[in-house]
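> I would like to see how this sequence folds:
(2 chains)
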Amino acid sequence: MIGQLAVSWDNIGKRFGQTVAVDGVSLDIDAGSFFGIVGPNGAGKTTLLRMTTGLLRPDTGSVTVAGIDVWSDPVEAKRRFGVVPDDPRLFDRLTGRELLSFLGELRNLDPETTRERGGALLRLLDLNDAADSIVADYSLGMTKKIAIAAALLHDPKVVFLDEPFAGVDPVARQVLEQILRRHTERGGTVVFSDHAMDVVERLCDNLMLIDHGTVRAAGNTAEITGGRRLQDVFVELVGAHVTDEGDLRWLGSSSD
Amino acid sequence: MAWIFIRLKLRTLKNRMGTASVLSLLGFVLVWMGAISAGLLAAVLIGAGGRLSGEARSLILPIVFLGTAIVWVIGPIIAASIDDSLDPRRFETLPVSRRQLGVGLAAAGLISPGGLGTSIGIIGGSMAGFTTAASFVPALVSSVTQVVLVMVTARAVVVWLSDLLRSRRTREIVGVVTALTAAIPGTVAALINTGGIRVDVSPARALEWIAATPPGALGRSISAFADGEWILGLGGLGYGFAATAVMLWIYGRGLNRLQVVPDAPTRTRTVRNGGAFRPKWVPLPSGPVGAIAAKELRYLQRDNRLRGQLVGSLVGLVVITTLGLSVLRTDYGAFLAVPTAFFLVLAILVNQFGHDGGAFWTYVTAAPSMTEVLKGKNLAAAVFGVPIATVAGVAGAIISGTPKYLPASLLAAGGVMTIWAAIGNVTSLMGPVKIPEGSPFGNRGMSGQAFVASLVGIVGAGALAAPAVAAMAAAVWFGGPVWGVLAGLGVAGYSLILYRLSFRYVGPFSERRALSVMEVIDAD
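This is a model prediction of the structure:
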C-alpha cells in the first residue's frame, strides 16, 4: 500500500449561504498514514470529513478514497472506507452484537466472518458484557466504541473518525489507539479530526491544520512542529484572539 | 414578559422560513392557511348556531368549549408531544419566574397553527353568533379566557405527564386506550340504533352537567351575557378565571419540577435471541435486504413509537370493524383483511425513514443503495402485515359464516399492501417526517414538505387504488366468489406493476435524495 493514495481531495469546497465552510482543499494522504485534521471550532473539519464520506455533497471539486471517486461511484467507495461521525447515533434498539451482525450483512459479509470479527472487536473493546444489551443503554464511551467496531468490521482500507476520543475514558482510549495503530501498521489508513493537540501530536505521522475552510499547514507532523509543541504552532498559525481589557471592565463588578 | 416569548416564537418561525425550500415553504403556507380556514369555518358554524332558538342554542357554546378543551388535553397525550418549538428546559438557567415562564410559553403557544385556528374559531364564533352590543366586551373576555384555559391546561398536562409520556409502556397503553376510546362513539351509536340502550337526557339537564366544568361555564356565560343574565354570566366568567389561574399555577409548578427533577436513570436491558415480530421459521434472504427486514422487525418489537402506532391502529380497526360486521351480518366479512392491510401498512410504509432518525447516516455510508433499503423495509412490512391481514380475513369469514370470499379478499389485501408500498417508497423519500422520541417538548411539528408529500401520497394512493377497489367490488357484486378471485389476481398484477414502476421512479434520484432525507430526520 505504501506509495498509493488513500485519500485525494481535489479542490473540494462547500458553502453554506455566504459562509465558506471548506474553500477548495487539495491534498493527498498516503496509504498507511495516521493522519490528523486539526483546527479551531468551525474551521471546516467535520464538513470536510462529511464530504469525504458521502454524507454531504460538495459544491466544487472531487474526492477519491483508495482510488475510487466517492461521488461518482459511491457504492464501490463505501466498501473501502469506514466512518465514525462526531455524534455517532446508531440503530440503538439493537444490541451491540445485533448491530454488528446487521452491518456485516448490510455490507454483504458472510455471517461466519461477521460473527468472528464482531466477537473479536467486542472482546478487544471490552464490550463483551454489554454485547446483548441494547445500544440505547450504552454510555457515551461505549457508544463510541461500538461505533468504531462497526466502522472496522468490514476491514476498510481507510477509516475516518470525527473526534473519536471525545467522551472516552483513558483506558478505552488506550485500546482504541492500539487498534487504530495496528490498522495503520498493516497498511490501513486512519484519518481523524480532534481538538486534543497532544493526541494528534502523539498519534499522527501526518497532519493538516485547517482554519476558515483553508489549509494553513499540511505535511509531516515533525516538520510542521519543528521541535515545538503542536499547540504553540496551532495558536501561531490560527492566531489567538486577544481581548482588549477595556471591553471587559464590567466583568466581575457585581461581586463587590 | 409574554411579549418576549411571542417575539422569540415569531423569530424561530421567521428563521425556519428563511432556510426552507420552496416545497417546504409551500407546505408551511398550506398548514397555516389550513388552520386559519378551519378556524374560520368553525367560527361560521358556531356563529350560525347562534341563530338557533330555544334550548339548543344555549347548549352550543358550552359543548363547543368543553369539546375544544378535551381535544387540547387529549391531543398531546396521544401524540406524546405538543407543538411547542420553545422547549421549557431551555430556559432553566435563566432568571425567569415560573409564572413568567408559564404565561410566556402559553402566549407563544398561540403562535401555532392549532393555537391560531382555535382562537379564530372560538373567539370569532362566539362574537359572531352570541353577542349583543352590551355583552360584546364581557363575551370577548370569556372567549379569550377559554382559549387561554385550553392552552395552559394542555401544557400543564404535558408537563406533569412528561415522565410518563416518555416511558415506552405508557406510549403503548395510550395507543390501546386511544383505539378503544375511538371505538366508543361507534359502539354507543350502534347500541342506540339497535335499541340496546336508551338515552333520556333533557337539554337542560345536559347543560347543567356541562356548565359544571370551567369551559362549559365560560361557554354558558357568553349566552348569559347576551340574554341579560349578568349574574349568571359573571359567575361563569369568574369560575373560568379561577380555573385558568389554578391551571396556570399547576403549569408553573410543573415547569419548576421539570427543571429541577433529573431524568430517571435508564435501566440496562438485556435482549435474548429473537425479540422480533418474526417467527424463526420465516426465512429472510441473506444480504442487505434481509438484514434491513430483520432489523425493521426487531424495531417493530422494540420501538415503542412503532408498537404504539401499530397496536392502536390494529385494536381500533378490529373493534370497529367486528362491531360493524356483527351489526350488518354480511357475507363479505372476509374482506376485513383489506382494511386491516390498508391501516397496517399505512402506519409502516408511508414514512419509512421517520423512525431511523439520527441513525440514518448508517444507510448512507454502509448500504449498497437506497432502493435496497426500501426493499428491506417493504419486506418487513409484508412479513408483519400479511399474517395479520390473513388472520383478520379468516376472522371476518368466521363472523360472517362463509369462507367463500376469503381467497378474493386475501388477494385484494395483498394488492392494497403492494400499492401502499409503491406509494410509500415515493413519499418516504420525498417527504420524510421525523418521529421524535424522548422529550414531549420541542416538537416542531410536521414540516411543510412532509405535509405536501403526505397529501400527495394519500391522494395518489387513493387514486391508484380506486380502480382496483372498483373492479373488485363489481366482480364480487355481480359475479360472485370466482369472479372475485379473478379480479383479485388482476388487482395483484396491477399492484405489482405499480410497485416496479415506483422503483423505476425512485431509483435514479434516491441516492441524491438520501442526503435530504438525512437532513430532515436528523434535525434537532
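> switch to C-alpha atoms for all contacts and neighbour counts from now on
OK.
> near chain B, which residues of the stretch 1-150 of chain A?
Counting by CA under 8 Å from any CA of the partner chain, the residues of the stretch 1-150 of chain A lying close to chain B are A:53-56, A:75, A:78-79, A:82-83, A:88-91, A:93-95, A:102-103, A:105-109, A:132-134, A:137.
> What is the burial count for residue A:14?
The criterion is other CA atoms under 10 Å in any protein chain shown. On that basis, residue A:14 has 23 neighbouring residues.
> How about residue B:235?
Using other CA under 10 Å: residue B:235 sits among 16 other residues.
> Correct me if wrong, but it is in a helix.
Yes - the assignment for residue B:235 by DSSP: H, G, I helix; E, B strand; the rest coil puts it in a helix.
> so who does the residue nearest to it when sequence neighbours are not counted touch?
Closest residue to residue B:235 in three dimensions, ignoring its sequence neighbours and counting by CA to CA, 6 or more residues apart in numbering or on different chains: residue B:221, at 7.5 Å. Taking CA atoms under 8 Å, 6 or more residues apart in numbering or on different chains as the definition of contact, the neighbours of residue B:221 are B:139, B:142, B:232-237.
> ok, 7 Å please
Counting by CA atoms under 7 Å, 6 or more residues apart in numbering or on different chains, residue B:221 touches B:232-234, B:236-237.
> Ok, residue A:216 next?
Counted by CA under 7 Å, 6+ apart, residue A:216 has contacts A:209-210.
> ok, now how distant is residue B:130 from residue A:7?
Applying CA to CA, to the nearest Å, the value for residue B:130 to residue A:7 is 74 Å.
> And stretch B:118-134, end to end?
OK, stretch B:118-134 end separation, CA to CA: 25 Å.
> Quickly find the element holding residue A:50.
Assigning secondary structure by DSSP states H and E places residue A:50 in helix A:45-52.
> hang on, the earlier thing: could you check how far the residue nearest to residue B:235 is from chain A?
In this structure, residue B:221 and chain A are separated by 52 Å, where distance is defined by CA to the nearest CA, to the nearest Å.
> Name the helix or strand for that residue, please.
For residue B:221, the element it lies in under DSSP H and E is helix B:214-226.
> how far is stretch A:83-96 from where the chain is centred?
The gap between where stretch A:83-96 is centred and where its chain is centred comes out at 15 Å by CA atoms, centre = their mean, to the nearest Å.
> what is the mean pLDDT for it?
Throughout stretch A:83-96, pLDDT has a mean value of 88.
> now do stretch B:127-139
The predicted model gives stretch B:127-139 an average pLDDT of 84.
> ok, residue 12 - how many residues close by?
Since no chain was named, I'll use chain A. Neighbour count for residue A:12, taken as other CA under 10 Å: 21.
> look at chain B instead
Look at residue B:12: counted by other CA under 10 Å, it has 14 neighbours.
> How about the one 4 residues further on?
Other residues near residue B:16 come to 15 when the count uses other CA under 10 Å.
> for the strand or helix carrying it, packing partners?
When secondary structure is defined by DSSP H and E, residue B:16 falls within helix B:2-18. Using 3 or more CA pairs under 7 Å, 6 or more residues apart in numbering or on different chains; DSSP states H and E as the contact criterion, the elements in contact with helix B:2-18 are helix B:98-109.
> In the stretch 401-524 of chain B, what residue lies closest to chain A?
Closest approach of the stretch 401-524 of chain B to chain A (CA to the nearest CA) occurs at residue B:515, with a separation of 6.7 Å.
> Let me know the next secondary structure element after the helix holding residue B:16.
Next along the chain after helix B:2-18, taking DSSP H and E as the criterion, comes helix B:22-49.
> Now the lengthiest helix in chain B: average pLDDT?
Longest helix in chain B, counting residues (DSSP state H): helix B:481-521. The predicted model gives helix B:481-521 an average pLDDT of 86.
> which intervals of chain A have sub-threshold pLDDT?
Scanning chain A for pLDDT under 70 picks out the ranges A:1-3, A:240-245, A:255-256.
> Which residue ranges of it form strands?
Taking DSSP state E as the test, the strands found in chain A are A:5-16, A:19-30, A:34-38, A:60-65, A:68-69, A:81-84, A:158-162, A:189-193, A:206-211, A:214-220.
> could those strands be laid out in a markdown table, adding distance to residue B:214?
Supplementary listing: these in a markdown table, determined by distance: least, CA to CA, whole Å:
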| stretch | distance to residue B:214 |
| --- | --- |
| strand A:5-16 | 51 |
| strand A:19-30 | 54 |
| strand A:34-38 | 62 |
| strand A:60-65 | 62 |
| strand A:68-69 | 67 |
| strand A:81-84 | 55 |
| strand A:158-162 | 56 |
| strand A:189-193 | 59 |
| strand A:206-211 | 61 |
| strand A:214-220 | 64 |
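> Next, residue B:402: secondary structure please.
coil.
> and residue 93, how many neighbours does it have?
Unless you meant another one, I'm taking chain A. 21.
> if you could check chain B rather than the one you did, that'd help
Other residues near residue B:93 number 8, with proximity taken as other CA under 10 Å.
> Give me the more crowded residue out of residue B:130 and residue A:7.
Between residue B:130 and residue A:7, counted using other CA under 10 Å, residue B:130 has the larger neighbour count: 27 against 22.
> Distance of that one relative to residue B:142?
12 Å.
> Find residues that contact each of those two.
If you check residue B:130 and residue B:142 against CA under 7 Å, 6+ apart, the residues they both contact are residue B:222.
> okay, now residue B:211: neighbour count?
Neighbouring residues of residue B:211 were enumerated by other CA under 10 Å; the total is 22.
> Please give me every residue in contact with it.
When contacts are counted by CA under 7 Å, 6+ apart, residue B:211 touches B:62, B:217, B:220.
> Report how many residues lie close to the residue of the stretch 401-524 of chain B closest to chain A.
By the other CA under 10 Å criterion, the neighbourhood of residue B:515 contains 18 residues.
> same check, this time on residue B:90
Around residue B:90 there are 10 other residues, counting by other CA under 10 Å.
> same thing with residue B:494?
Close neighbours of residue B:494, defined as other CA under 10 Å, add up to 18.
> ok, residue A:69 touching residue A:63?
Yes - under the criterion of CA atoms under 7 Å, residue A:69 is in contact with residue A:63, at a separation of 5.8 Å.
> neighbour count winner among these two?
residue A:63 (26 against 19).
> now the more buried one, which residues is it bridged with?
When assigned by DSSP bridges, residue A:63 has beta-bridge partners residue A:9.
> pretty sure it contacts residue A:13?
No - checked against CA under 7 Å, the pair residue A:63 and residue A:13 is beyond contact range at 10.3 Å.
> thinking again about what came up before, would you format the contacts of residue B:221 as TSV with distance to chain A, neighbour count and pLDDT included?
Formatted as TSV, the contacts of residue B:221 follow (distance: CA to the nearest CA, whole Å; neighbours: other CA atoms under 10 Å in any protein chain shown; pLDDT from 0 to 100):
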residue	distance to chain A	neighbour count	pLDDT
B:232	55	17	90
B:233	52	26	90
B:234	50	19	92
B:236	50	26	92
B:237	47	27	92
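> what's the most distant pair in those?
Based on CA to CA, the longest span within those runs between B:232 and B:237 and measures 8.7 Å.
> where in the stretch 251-400 of chain B is pLDDT low?
Low-confidence regions of the stretch 251-400 of chain B, defined here as pLDDT under 70, cover residues B:259-281, B:304-305, B:308-309, B:311-329, B:347.
> In the stretch 301-450 of chain B, what residue comes closest to chain A?
residue B:359 (4.5 Å).
> Give me the phi and psi for the closest residue to that residue other than its chain neighbours.
Leaving aside its sequence neighbours, residue B:359 sits nearest to residue A:90 (CA to CA, 6+ apart; 4.5 Å). Dihedral angles phi and psi of residue A:90 (degrees, to the nearest 10) take the values phi -120, psi 170.
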